[in-house]
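In: no letters, just coordinates:
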């Protein structure tokens, strides 16, 4: 049953480790962050509590309807990513200025989280490298926010995430889209993409040499198990570790030619279990505090057997989303729209996530 997991990580070796347990939440206690921002406990039995049923409120309206500026910004990022791909494919010069300008607007308008949630709700095509670049960029910015990065550092992180994968455009499409196991030569070809990215980015001039360094290190791991140089924690650029972590997360939750996608909560649990020695602790903590265990558009089952969809998250309580009820405990659709919030009282709680394909 683990064959496809191994296939997913055939370029990244993970050690067998214990699940992260930075703090214990007593039964019946609403999980919160501690004063140092430590990650929340994310086991399968102690989840966030839900509140009373009520009609849709202003916050949920905003979360449910995608503002035009969010959709427009997402499409602009996609156009920029596709343009980068075309230029790399045609061996043309890359201009970071347009990317930086768009990232600056995203940061100034406080659109990082809305864009991330919008991107995660879109049906991504695994064949499109630009989609992956945009999703990794937005996820990296979420973590950067969690680390307290200022605008300058967020811009640098966003630019590095946007461009770190450019070497993949030099890999033949037949390898990237292959639906069976890669042979040794094909695996080796893919493992060469960080060096290809570094070579491409080094052509941007001395001002952007740090981009080449970050791109070269994205697949390095803190315990020395990564590639291409087997660097260890002190030698790896912090931004490379951030991008490497979110790159793993995005790869898990998106469909690949050899497997179906993994539910977002399950992907987070997998990272908690397998990545402790692969990434610095503070980056893992920022990731857990920034990416909710129940992200926007996740389908969940409550302890009263009703099923709903997450329509909003709370930065202060990442394990306590707002849920729209789709089916009641008897499997019937509600006569009127019902919204369940997490923050008021512990009458209900999430017992598991649900694959949306099982609802159709």
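Out: Cool, got the structure. All values derive from a computational prediction rather than experimental measurement.

In: how about the helices of the protein, start to end?
Out: Residue ranges of the helices in the chain, as given by DSSP state H, are 3-8, 58-64, 68-89, 96-108, 112-121, 129-146, 151-163, 173-176, 184-191, 193-202, 209-217, 238-253, 264-274, 281-290.

In: export those to TSV and tack on distance to residue 341?
Out: Quick note: C-beta positions are derived from backbone N, CA and C, even for glycine. Converted to TSV, the helices of the chain look like this (distance: least, CB to CB, whole Å):
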stretch	distance to residue 341
helix 3-8	35
helix 58-64	8
helix 68-89	22
helix 96-108	28
helix 112-121	17
helix 129-146	22
helix 151-163	30
helix 173-176	43
helix 184-191	45
helix 193-202	44
helix 209-217	40
helix 238-253	25
helix 264-274	19
helix 281-290	20
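
In: mind putting the ones you listed in TSV, mean neighbour count and distance to residue 338 included?
Out: Shown next, in TSV, are the helices of the chain (neighbours: other CB atoms under 10 Å; distance: least, CB to CB, whole Å):
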stretch	mean neighbour count	distance to residue 338
helix 3-8	13	37
helix 58-64	14	11
helix 68-89	16	25
helix 96-108	16	33
helix 112-121	20	20
helix 129-146	24	29
helix 151-163	21	37
helix 173-176	12	44
helix 184-191	13	47
helix 193-202	21	47
helix 209-217	22	46
helix 238-253	24	27
helix 264-274	19	22
helix 281-290	21	29
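
In: what about the ones you listed, which gets the closest to residue 352?
Out: Each of the helices of the chain has some distance to residue 352 by CB to CB; the shortest is helix 264-274, at 8.8 Å.

In: ok, back up a step: now tabulate the helices of the chain in CSV and tack on distance to residue 358 and mean pLDDT.
Out: What follows is the helices of the chain, written out as CSV (distance: least, CB to CB, whole Å; pLDDT from 0 to 100):
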stretch, distance to residue 358, mean pLDDT
helix 3-8, 19, 37
helix 58-64, 22, 39
helix 68-89, 28, 94
helix 96-108, 35, 97
helix 112-121, 18, 88
helix 129-146, 24, 96
helix 151-163, 33, 98
helix 173-176, 30, 84
helix 184-191, 33, 91
helix 193-202, 36, 97
helix 209-217, 39, 97
helix 238-253, 17, 94
helix 264-274, 14, 80
helix 281-290, 27, 90
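
In: how deep is residue 207 tucked in, by neighbour count?
Out: Residues near residue 207, counting by other CB atoms under 10 Å, number 8.

In: how about the contacts made by residue 296?
Out: 63, 117, 120, 121, 310, 311, 312, 313, 321 (CB atoms under 8 Å, 6 or more residues apart in numbering).

In: cutoff 6 Å now
Out: Neighbour list for residue 296: 117, 121, 310 [criterion: CB atoms under 6 Å, 6 or more residues apart in numbering].

In: can you list the domains in the chain?
Out: Taking automatic domain parsing as the reference, the chain has its domains at 23-54+293-360, 66-290.

In: closest to residue 327 out of the helices of the chain?
Out: Closest approach to residue 327 among those is made by helix 58-64 (17.8 Å; CB to CB).

In: between the contacts of residue 296, which is closest to residue 212?
Out: The closest of those to residue 212 turns out to be residue 117 (CB to CB; 31.4 Å).

In: and the gap between residue 285 and residue 245?
Out: Residue 285 sits 11 Å away from residue 245, taking CB to CB, to the nearest Å as the criterion.

In: typo on my end, residue 326
Out: 32 Å.

In: isn't residue 212 up against residue 201?
Out: Yes. Between residue 212 and residue 201 there is a contact at 4.2 Å, judged by CB atoms under 6 Å.

In: how about residue 189, what does it touch?
Out: Contacts of residue 189 (CB under 6 Å, 6+ apart): none.

In: how does it look with 8 Å?
Out: By CB under 8 Å, 6+ apart, the neighbours of residue 189 are 171, 172, 175.

In: in space, what's closest to the second one - neighbours in sequence excluded?
Out: Spelled out, that is residue 172. Leaving aside its sequence neighbours, residue 172 sits nearest to residue 189 (CB to CB, 6 or more residues apart in numbering; 7.8 Å).

In: give me the distance between that neighbour and residue 176.
Out: Residue 189 sits 10 Å away from residue 176, going by CB to CB.
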